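J.: Below: sequence and its predicted model.
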Amino acid sequence: MRIIAGEGRGRRIRAPRGLNTRPTADRVREALFNILASNLQECRFLDLYAGSGGIGLEALSRGAGEVVFVEKNPEATAVIEKNIKETKLPGEKKVYRADVPAFIRSQSPTNPGFNIVFLDPPYKQGLEQRTLEAISGAPYVLKDKAVVVVESARSIPPLERVGTMVLVRHRAYGDTALSFYRMEEA
């Protein structure tokens, strides 16, 4: 797997061994970042269920100012740290080995919030809804006009509304789907 565009284009990204992580396909990453392009420059990006860190590294390569990677698996967090060192991309990078909903609930008023949140949880475990509910209930996670993107299996229908977040876009790419959410306007 490689970074597909931006400053780090062509740099190799390692993936954890085994079948516990599924790197996002190039076609899906390209579509995702084409949609997010106008929001990326100097943004704060949160990569949840980060796996290899490929999405967050792609965000850094394309101009994100800071990426926070959250992954529970110790082998995967070690791979993320190696990928960060080897790709030598600019921007701030932080890696947390933590349960994602617990990490979200731990955010405090001193957290400046994120412009973009991406989550790619293991499929068919109900983690999409639980994570979106945690984000919706955590006022310090999102900046104004932030976007939350969920990668899921195409066969899983998107949730139209979760707490104060509403679905604004849904696209399918082969067996994968991307669902985009924003906080509901008051």
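T.: Yep, that arrived.
J.: buried ones in the longest strand anywhere in the chain?
T.: As assigned by DSSP state E, the longest strand anywhere in the chain is strand 142-153. When burial is assessed from 16 or more other CB atoms under 10 Å, strand 142-153 yields the following buried residues: Leu142, Ala146, Val147, Val148, Val149, Val150, Glu151, Ser152. For the C-beta atoms, the positions are set from N, CA and C on the backbone; glycine is no exception.
J.: Over to the residue nearest the centre of the chain: give its phi and psi.
T.: With distances taken as CA atoms, centre = their mean, the residue of the chain nearest its centroid is Phe118 (2.3 Å). Dihedral angles of Phe118 (phi, psi; degrees, to the nearest 10) stand at phi -120, psi 130.
J.: re earlier: helices and strands around the longest strand of the chain, which ones?
T.: helix 26-40, strand 114-119, helix 127-136, strand 176-183 (3 or more CB pairs under 8 Å, 6 or more residues apart in numbering; DSSP states H and E).
J.: go with 6 Å
T.: Based on contacts counted as 3 or more CB pairs under 6 Å, 6 or more residues apart in numbering; DSSP states H and E, the elements that strand 142-153 packs against are strand 114-119, strand 176-183.
J.: picking up where we left off before, nearest to Arg17, out of the buried residues of strand 142-153: which one, please.
T.: Glu151 (21.0 Å; CB to CB).
J.: Wait, the closest one touches Leu119, no?
T.: No - with contact defined as CB atoms under 6 Å, Glu151 does not count as touching Leu119 (7.2 Å).
J.: For this structure, give me the ranges with low pLDDT.
T.: Applying pLDDT under 70 to the chain flags the ranges 18-21, 186.
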